[in-house]
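have a look; sequence and predicted model below, questions after that.
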Amino acid sequence: MNFDDLLRDYARRDLQRFCPAAHYWLRDHNPIADRELVEPLLIRPVEFGLTPLEHVAADALGKLTTYTITSRAIWDAAYPARDTRDTTPAPGTTFNQEREIWGRREVFRSSALVYARLLDDAQLIELYGTPLPAPANDTATPASVVAVDASNARPRARRDLLAPVIETAQKECPDPFDAPAVWASLVRMADARKLPLLGISDEGIKWQDSNDQTRFLKIKNLRERLLRSMKKSSVERDKAR
């Protein structure tokens, strides 16, 4: 049994009153159709009059959609369809890509667990209540890569669960590196309890990391993150020229 499909079916059932009859016509397993259903609900929950159960169902289905679309894109690029006679090794996934997939999955898992508890479904609670181990750096490193002296190697930066949420907030802003605008978007998301965000406090935006520890994001920290991201984007653009 595919439990993600089961959760998807439950969420669609609980959101049925918002779903036109022909919405899933020829798109029954299309995550884009799921995204089109939940995005307006999550953006304007008061306008649609979402109940607590409907809000949690929409959030879980939205997180599942994001995970599905992201992971499929990465895997399709890493293992492209080819002629069976082509013996060229597939590029495979990088460590950062594995971390991206894992991070998206963990964000979904946390949201799915909240929904499963509301449903009181023992199987789903057991499945989504168990965090997935983060991918180890060495498991995604090709054997052909030349070894680097460990004393001189720079540690790879870990992508925390907050990064995808910040990226989502950036997409809502005309200038994705405008800290106050991105902060305002994050505050709206925190008020809506979009996991891993847990709300607002005097210490900043409260969120939960992959170890289920409560942490706080201040606008100062956000500015620093956006600055690093902007510098990285600039370097990548320069390399591409």
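Sure, I can see it. Since the structure is predicted, the reported quantities are computational estimates derived from the model, not experimental observations.

so where is this protein shaky, pLDDT-wise?
In the predicted model, the chain carries pLDDT under 70 at residues 1, 81-91, 138-160, 212, 234-241.

how's it carved up into domains?
3-136, 162-240 (automatic domain parsing).

CSV for these, including mean neighbour count?
(Each C-beta comes from the backbone N, C-alpha and C, glycine too.) Converted to CSV, those look like this (neighbours: other C-beta atoms under 10 Å):
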stretch, mean neighbour count
domain 3-136, 16
domain 162-240, 15
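
how about the residue nearest the centre of the chain: what's its closest non-neighbour residue?
In the chain, the residue lying closest to the centroid (C-alpha atoms, centre = their mean) is residue 104, at 3.4 Å. Spatially, and ignoring its direct neighbours in sequence, residue 104 is nearest to residue 67 (4.2 Å; C-beta to C-beta, 6 or more residues apart in numbering).

ok, that neighbour to residue 59 distance?
13 Å (C-beta to C-beta, to the nearest Å).

for the helix ranked longest in the chain, name the packing helices and strands.
If you go by DSSP state H, the chain has its longest helix at helix 52-78. When contacts are defined as 3 or more C-beta pairs under 8 Å, 6 or more residues apart in numbering; DSSP states H and E, helix 52-78 packs onto helix 3-14, helix 31-43, helix 95-119.

between those helices, which gets nearest to residue 174?
helix 31-43 (16.9 Å; C-beta to C-beta).

put the alpha carbons of the next helix or strand after that closest one into CSV.
With elements assigned by DSSP states H and E, the helix or strand that comes after helix 31-43 is helix 45-48. What follows is helix 45-48 as a C-alpha-only set of coordinates in CSV (Å, rounded to 0.1, in the frame of the first residue of the first chain):
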residue,chain,number,x,y,z
PRO,A,45,-8.3,30.3,4.3
VAL,A,46,-10.6,32.8,5.9
GLU,A,47,-12.3,33.7,2.7
PHE,A,48,-13.0,30.1,1.9
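
which residues touch helix 45-48?
18, 40-41, 55, 58, 192 (C-beta atoms under 8 Å, 6 or more residues apart in numbering).

look up phi and psi at residue 197.
phi -70, psi 140 (degrees, to the nearest 10).

name all residues that make contact with residue 216.
Counted by C-beta under 8 Å, 6+ apart, residue 216 has contacts 201, 203-207.

you'd agree it is in a strand?
Yes. Counting by DSSP: H, G, I helix; E, B strand; the rest coil, residue 216 is part of a strand.

so how far is residue 203 from residue 128?
28 Å.

my bad, should have said residue 55
Counting by C-beta to C-beta, the gap from residue 55 to residue 203 is 25 Å.
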